[in-house]
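Engineer: Here's a sequence, model it:
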Amino acid sequence: MFPTVAQVLELDVLRRGNPSVVAGAAGLHHPVRWVHISELADIAGMLHGGELVLTTGVMLPSDKEPLARYIDDLADVGAAGLVVELGRRYADEVPRALVKAAERRRLPLVALRTEVRFVAVTEAVHAHVVDAQLTELRASEAVHQTFNELSVEGAEPGEVVREVARMAGVPVVLENLSHQVLAFDAAGEDPQALLDGWERRSRGVHPAARTGYDPRSGWLVTAVGARGRDWGRLVLVGEPAREPAPRLSVVLERGASTLALNRLLERDRESLERQTHRTLISGILTHALTVSDVALRARALGVPLEGRRLVGVVLRLRGGPSSAALEAQARLRDFTEKAALAVRERGLTALIGGLDDDGVGILISLGASDDEHAALEGFAAALDRLADTSRTPDPGFLMAAGSSVGSLRDARRTLLEAAQVADAADRTTARTAGTYYRLPDVRLRGLLHLLRDDARLQTYVERELGPLLAHDAENGTDLVRILGVYLASGRNKSAAADAAHMSRPSFYDRLHKVERVLGTDLDQVESCLSLHVALLALEAVRR
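Structural biologist: Sure thing, here's the model as predicted:
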């Protein structure tokens, strides 16, 4: 915000004085907060730091020790520098005692060999300072305006981090308290170099204050949180031993405040960890992220995916999504967090995130010595317990797993297979706690699910069940359901009547109606087989 001593010396009014730096050149970067004209030898007591002192030296002492003490006093109060005009007290050069003391204290000592009007110097420097302050104020106002808009819009963490990086011009990383990367912007630099070994490097940075600069790493760090509860840190990755400008602290702190505020306002939404995991899973499924991007970001989250066996898992809540959007979101969020807790409880490593209104996608990363079936079965059992299934013998969700793959490039395949198995599995049949479905378990349902978009399958369904579907639609009957119960009971009419909660005569009468509408004999095995396949295909098509 303030000009440095070197910048002040470039002003026209001082250049006319033919200035020369005779000592303390190492301090030319000192900021000049104000200019003070004084001939007093004890001026230090009237300064507050950052002043550039102008003098002719007419009242300075003659002895070496008082001159050295004069310089020490100026340096102790933080004066920016000392400008001595030659000609009145000192003809051709300043005393050696001043030069030596100024060099020792790194205090810029400037000699003016031509007379200048000190008041003109004061006016020029003060105008420069005021202009700089005005520019800084406008920049600060722009920063506040930008982050206010991001707060009002409820911007995602990635957007906030991206804006901080744009304003700072250097990489910015948002991490959680476990030093795992939640979002980052490399600001045009190599993401691999930025995130490599992030957790180890981050654990070594401990700012003394809530916002602080670490000269060893070059990081400017601020805590992220509100109401006395921090949940992460926002890191501006600068250069070692090069302290950033004060305005960057303002940008970083405003970014952190926006992140904290948005999380408070959206606390009913999924956690930032889940959002990040969901983004990676979505990136794998849609090819929105490259394999190297996924590997890099997952490793920064503490989920290594390279050189591991990967198993895709899809969890589906029974009963389908809720009709109320907010209720569905809350239901899925709670279930996703329980799945994450089950993963941690079993000591597994995985990406976990929502797929849609009633599905959770998981990519489990297994080591060479991990037993795949034991890991999946243990996870299913842990999730059953966490989902509180004590009130019913059948868990309120189904779990499907894809075939394991040995490369991150094939991760999409195992996730898609798991999704297909989950969609094809029979959600109406009770599942034993701790079990899960794989491709061999869905059999004919799985095949029909894969063919559900084929026009020939849809034509087959209409040919077999079309008259019965039309009869139910026109008369408000449930003959399709009756047929399904009958076939699911192995064509045992008594068992089917009990399953349908109907008396046997009533159930038998409904079956006769089915036969009349379809023009078929339900005692024929081949007819029943064809109708059963059509019912399963109808279920696949409707899904």
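Engineer: What residues does the spatially closest residue to A425 that is not a sequence neighbour make contact with?
Structural biologist: Computed as CB to CB, 6 or more residues apart in numbering, the closest residue to A425 that is not its neighbour in sequence is Y437, at 4.7 Å. For glycine as for every other residue, the C-beta is placed from the backbone atoms N, C-alpha and C. Contacts here follow CB atoms under 8 Å, 6 or more residues apart in numbering; on that basis Y437 touches 398-401, 421-422, 425.
Engineer: mind listing the strands in this protein by residue range?
Structural biologist: Ranges of strands in the chain, per DSSP state E, are 19-23, 34-37, 51-55, 81-85, 109-112, 172-176, 181-185, 211-214, 219-226, 229-237, 309-317, 349-356, 359-366, 397-401.
Engineer: Which residues belonging to the helix or strand of the chain with the lowest mean pLDDT are considered buried?
Structural biologist: With mean pLDDT, DSSP states H and E as the measure, the helix or strand of the chain carrying the lowest mean pLDDT is helix 439-450 (a mean of 76). When neighbours are counted by 16 or more other CB atoms under 10 Å, the buried residues of helix 439-450 are found to be 439, 441-442, 445-449.
Engineer: Who are the packing partners of the longest helix along the chain?
Structural biologist: When the chain is parsed with DSSP state H, its longest helix is helix 118-153. Secondary structure elements in contact with helix 118-153, counted by 3 or more CB pairs under 8 Å, 6 or more residues apart in numbering; DSSP states H and E, are helix 5-9, helix 12-15, strand 34-37, strand 51-55, helix 157-168, helix 246-265.
Engineer: still on that earlier bit, report all helices and strands that the least confident helix or strand of the chain contacts.
Structural biologist: With contacts defined as 3+ CB pairs under 8 Å, 6+ apart, helix 439-450 has these neighbours: helix 411-424, helix 525-542.
Engineer: Extract the CA atoms of the last one and return them as PDB.
Structural biologist: Think helix 525-542. Included here for helix 525-542 are C-alpha records, laid out as PDB according to Å, rounded to 0.1, in the frame of the first residue of the first chain:
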ATOM      1  CA  VAL A 525     -45.700 -74.300 -18.300                       C
ATOM      2  CA  GLU A 526     -44.500 -72.600 -21.400                       C
ATOM      3  CA  SER A 527     -47.200 -70.000 -21.300                       C
ATOM      4  CA  CYS A 528     -46.400 -69.200 -17.700                       C
ATOM      5  CA  LEU A 529     -42.700 -69.000 -18.500                       C
ATOM      6  CA  SER A 530     -43.300 -66.600 -21.300                       C
ATOM      7  CA  LEU A 531     -45.500 -64.400 -19.100                       C
ATOM      8  CA  HIS A 532     -43.000 -64.500 -16.300                       C
ATOM      9  CA  VAL A 533     -40.200 -63.300 -18.600                       C
ATOM     10  CA  ALA A 534     -42.600 -60.600 -19.800                       C
ATOM     11  CA  LEU A 535     -43.300 -59.400 -16.300                       C
ATOM     12  CA  LEU A 536     -39.600 -59.200 -15.400                       C
ATOM     13  CA  ALA A 537     -39.000 -57.300 -18.700                       C
ATOM     14  CA  LEU A 538     -41.900 -54.900 -17.800                       C
ATOM     15  CA  GLU A 539     -40.200 -54.200 -14.500                       C
ATOM     16  CA  ALA A 540     -36.900 -53.500 -16.200                       C
ATOM     17  CA  VAL A 541     -38.500 -51.200 -18.800                       C
ATOM     18  CA  ARG A 542     -40.400 -49.300 -16.200                       C
END
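Engineer: what's next to it, contact-wise?
Structural biologist: By CB under 8 Å, 6+ apart, the surrounding residues in contact with helix 525-542 are 424, 444-445, 448-449, 451-452, 457-458, 460-461, 464-465, 480, 483-484, 487, 491, 518, 520-522.
Engineer: Any stretches of the stretch 51-200 of the chain with poor pLDDT?
Structural biologist: By pLDDT under 70, the weakly predicted segments of the stretch 51-200 of the chain are 133, 135-137, 139.
Engineer: go on, the stretch 401-543 of the chain?
Structural biologist: Applying pLDDT under 70 to the stretch 401-543 of the chain flags residues 426-434, 543.
Engineer: For A41, grab the count of nearby residues.
Structural biologist: Using other CB atoms under 10 Å, A41 has 16 other residues around it.
Engineer: And for the one 10 residues further on?
Structural biologist: Burial of E51 is recorded as 23 neighbouring residues (other CB under 10 Å).
Engineer: Just list the residues touching it, thanks.
Structural biologist: Residues in contact with E51 (CB under 8 Å, 6+ apart) are 32-36, 79-80.
Engineer: which residues does the closest residue to it other than its chain neighbours contact?
Structural biologist: In space, not counting the residues next to it along the chain, E51 is nearest to H36; the distance is 4.5 Å by CB to CB, 6+ apart. With CB under 8 Å, 6+ apart as the criterion, the residues that contact H36 are 43, 46-47, 51-54.
Engineer: what's the spacing between H36 and A44?
Structural biologist: 11 Å (CB to CB, to the nearest Å).
Engineer: domain parsing for this protein?
Structural biologist: With automatic domain parsing serving as the domain definition, the record reports that the chain contains domains spanning 5-126, 154-265, 272-442, 455-542.
Engineer: how far does the first one sit from the chain's center?
Structural biologist: When you say that, I think you mean domain 5-126. If you compare the mean C-alpha spot of domain 5-126 with that of the full chain, they lie 51 Å apart, counting by CA atoms, centre = their mean, to the nearest Å.
Engineer: Now the terminal residues of it, how far apart.
Structural biologist: Domain 5-126 has an end-to-end distance of 13 Å (CA to CA, to the nearest Å).
Engineer: G361 and G158, how far apart?
Structural biologist: Separation of G361 from G158 (CB to CB): 20 Å.
Engineer: now, which of the contacts of Y437 sits nearest D410?
Structural biologist: Looking at the contacts of Y437 and their distance to D410, the nearest is A401, at 14.6 Å (CB to CB).
Engineer: Just give the number of residues close to G396.
Structural biologist: The tally of other residues near G396 (other CB under 10 Å) stands at 15.
Engineer: Distance of the residue lying closest to it once chain neighbours are set aside relative to R438?
Structural biologist: Nearest residue to G396, sequence neighbours excluded (CB to CB, 6+ apart): R318, at 5.0 Å. Relative to R438, R318 is positioned 19 Å away (criterion: CB to CB).
Engineer: Name the residue in these two with the higher neighbour count.
Structural biologist: In this comparison of R318 against R438, neighbours counted by other CB under 10 Å, the higher total goes to R438 at 18 against 13.
Engineer: Wait, the more buried one touches M399, no?
Structural biologist: No - at 9.9 Å, R438 does not count as touching M399 under the criterion of CB atoms under 8 Å.
Engineer: ok, the residue nearest to G396 to I281 distance?
Structural biologist: Noted for R318: a distance of 22 Å to I281, by CB to CB.
Engineer: All set, thanks.
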